[in-house]
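**Student:** Predicted model and sequence below, questions to follow.
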There are 2 protein chains.
Amino acid sequence: MQTGARIVRHFEQELEQLKGKLLEMSALVEAAVQRSVAAVAQKDRSAAEQVLRDEARINQLEMEIDEFAINLLATQQVVAADLRLVVAALKINTDLERMGDLSVHIAQRAVSLLSEPMIKPMVDIRHMSSLVESMVRKSLDAFVANDADMARSVLASDDAVDSLRTASYHELVSFMEKDPQNIPQALDLIGITRSLERIADHSTNIAEDVLFLVKGIDVRHHAEARQ
Amino acid sequence: MQTGARIVRHFEQELEQLKGKLLEMSALVEAAVQRSVAAVAQKDRSAAEQVLRDEARINQLEMEIDEFAINLLATQQVVAADLRLVVAALKINTDLERMGDLSVHIAQRAVSLLSEPMIKPMVDIRHMSSLVESMVRKSLDAFVANDADMARSVLASDDAVDSLRTASYHELVSFMEKDPQNIPQALDLIGITRSLERIADHSTNIAEDVLFLVKGIDVRHHAEARQ
């Protein structure tokens, strides 16, 4: 019995370690998203450079988390909620790494915009990015707190981000049509809003994984079951 | 002993079933990529419509494969190469579903281009798409055949796709600058080449998973270990 209890305790410690690594990864990625947006909206070069520097650590953590999760599955018979946690960790890990990549894309475009006068005020990019940042934060908080309601609130924001992106796209196209000199900058801004939209999509994936984790239900591709 | 042998046989059958489902998914996604490209390059409306019709089946299969793999992990102590296979199946499944989504994006843009005279010949899109289609096919063949060399050949093509996309991007920007009337179509074509590039990225992910599966090594973020 004592040995059994020790094995269980050891397993629980390993699950906590897995969660801890994923939280370290989340914190880095959340900061990268915020900094990349600050680099664009406030022309903050040092924020952009920090995003580029942190990419290597995010990539390293992605591999560590996968390896840790796979070792855990290999050495323990993981079942029920614990198994859902390990599988969700593998999926969330992939989404976080892609969000890190997208922050790097945004930071690179921010650098190329630093020296240019802006063709339009950044109001809608600020609006869109604050919505996306809140989706990122809520999806990760929902994971930490096992909070299904918070995960659902992330799913509810996805359409708003898509609408903002579409509106901004049409406005930028009209800027291009008005003056061809605007084309390069407008394309950079379209690229930034597209990356923000994809970061929102990854937050949605994470929220779906949290619902699978908490409720054991798969809400992907079933809008009606998300309510 | 007999019961043990029966359990092993049952487990092997389940692994084969998992692989079978993933192959069904691969075949659908490979066809979707090919049809979406034909929809653009040959203005083939019925190919575009088939891509839109097949999306639901791809989404359904994604959920079935995840559920099957998770049940397998829950009911068996899966170790070593078998465990790597199940984890690779979960990851490849996600990549395939995203490739299906990207084919839908391409098909939708193809429909909007159907009635327009093209601003430029489709030579480079044809070239890029045939390279991407071959990456998709090779990454899936490498998975089926456990073939590390074929997986490496996929990784080697990724840079060529990026170069083609960059060249096509600059050409399309110059078309926009020459005549603002070209802007909407050029943006559609930029969107198509970007989706093709992302499909190539997902093929690269699959090839990396195959190397992990066959060799037990993680080649992500380590170009030097890919050789």
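**Tutor:** Thanks, I have it.

**Student:** contacting residues for A:Ile106?
**Tutor:** A:36-37, A:39-40, A:51, A:192, A:195-196 (C-beta atoms under 8 Å, 6 or more residues apart in numbering or on different chains). No exception for glycine: its C-beta is placed from N, CA and C like everyone else's.

**Student:** Swap in 6 Å and give it another go.
**Tutor:** Contacts of A:Ile106 were listed using C-beta atoms under 6 Å, 6 or more residues apart in numbering or on different chains, and they are A:36, A:192, A:195.

**Student:** Going C-terminal from whichever strand or helix holds A:Ala156, what's the next secondary structure element?
**Tutor:** Here A:Ala156, judged by DSSP states H and E, is contained in helix A:148-178. Using DSSP H and E, the next helix or strand after helix A:148-178 towards the C-terminus is helix A:183-215.

**Student:** where's that following helix relative to the chain centroid, distance-wise?
**Tutor:** 7 Å (C-alpha atoms, centre = their mean, to the nearest Å).

**Student:** Average pLDDT for that helix, rounded please.
**Tutor:** Mean pLDDT, computed over helix A:183-215, is 95.

**Student:** remind me, longest helix of chain A?
**Tutor:** helix A:2-41 (DSSP state H).

**Student:** Tell me which other helices or strands it touches.
**Tutor:** Secondary-structure packing of helix A:2-41 (3 or more C-beta pairs under 6 Å, 6 or more residues apart in numbering or on different chains; DSSP states H and E): helix A:45-75, helix A:80-113, helix A:123-145.

**Student:** Now these in a markdown table, please, with extra columns for mean pLDDT.
**Tutor:** Converted to a markdown table, these look like this (pLDDT from 0 to 100):
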| stretch | mean pLDDT |
| --- | --- |
| helix A:45-75 | 95 |
| helix A:80-113 | 95 |
| helix A:123-145 | 92 |
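
**Student:** how about the ones you listed, which one is nearest B:Glu24?
**Tutor:** helix A:80-113 (21.3 Å; C-beta to C-beta).

**Student:** Can you give the distance from the closest one to the centre of its chain?
**Tutor:** 5 Å.

**Student:** Show me which positions of that helix end up buried.
**Tutor:** Buried residues in helix A:80-113, defined by neighbour count with 16 or more other C-beta atoms under 10 Å in any protein chain shown: A:82-111, A:113.

**Student:** now stretch A:52-70
**Tutor:** For stretch A:52-70, by 16+ other C-beta under 10 Å, it's A:52, A:54-55, A:58-59, A:61-63, A:65-66, A:68-70.

**Student:** which among these gets closest to chain B?
**Tutor:** A:Asn59 (4.1 Å; C-beta to the nearest C-beta).

**Student:** mind checking the SS state of the nearest residue to that closest one once chain neighbours are set aside?
**Tutor:** Excluding its sequence neighbours, the residue lying closest to A:Asn59 (C-beta to C-beta, 6 or more residues apart in numbering or on different chains) is B:His221, at 4.1 Å. Assigned with DSSP: H, G, I helix; E, B strand; the rest coil, B:His221 falls in the coil class.

**Student:** isn't B:His221 right next to A:Arg57, touching?
**Tutor:** No - counting by C-beta atoms under 6 Å, B:His221 stays clear of A:Arg57, with 10.9 Å between them.

**Student:** Residues of chain A that sit close to chain B?
**Tutor:** Residues of chain A found near chain B (C-beta under 6 Å from any C-beta of the partner chain) are A:59, A:63, A:70, A:73-74, A:77, A:79, A:83, A:87, A:176-177, A:180, A:183, A:218, A:221.

**Student:** And the residues you listed, which is closest to B:Ser157?
**Tutor:** A:Asn59 (21.4 Å).

**Student:** Can you give me the distance of the closest one to A:Ala32?
**Tutor:** Counting by C-beta to C-beta, to the nearest Å, the gap from A:Asn59 to A:Ala32 is 12 Å.

**Student:** and if you look at A:Glu49?
**Tutor:** Relative to A:Ala32, and taking C-beta to C-beta, A:Glu49 is found at 12 Å.

**Student:** neighbour-wise, which of those two wins?
**Tutor:** A:Ala32 (30 against 14; other C-beta atoms under 10 Å in any protein chain shown).
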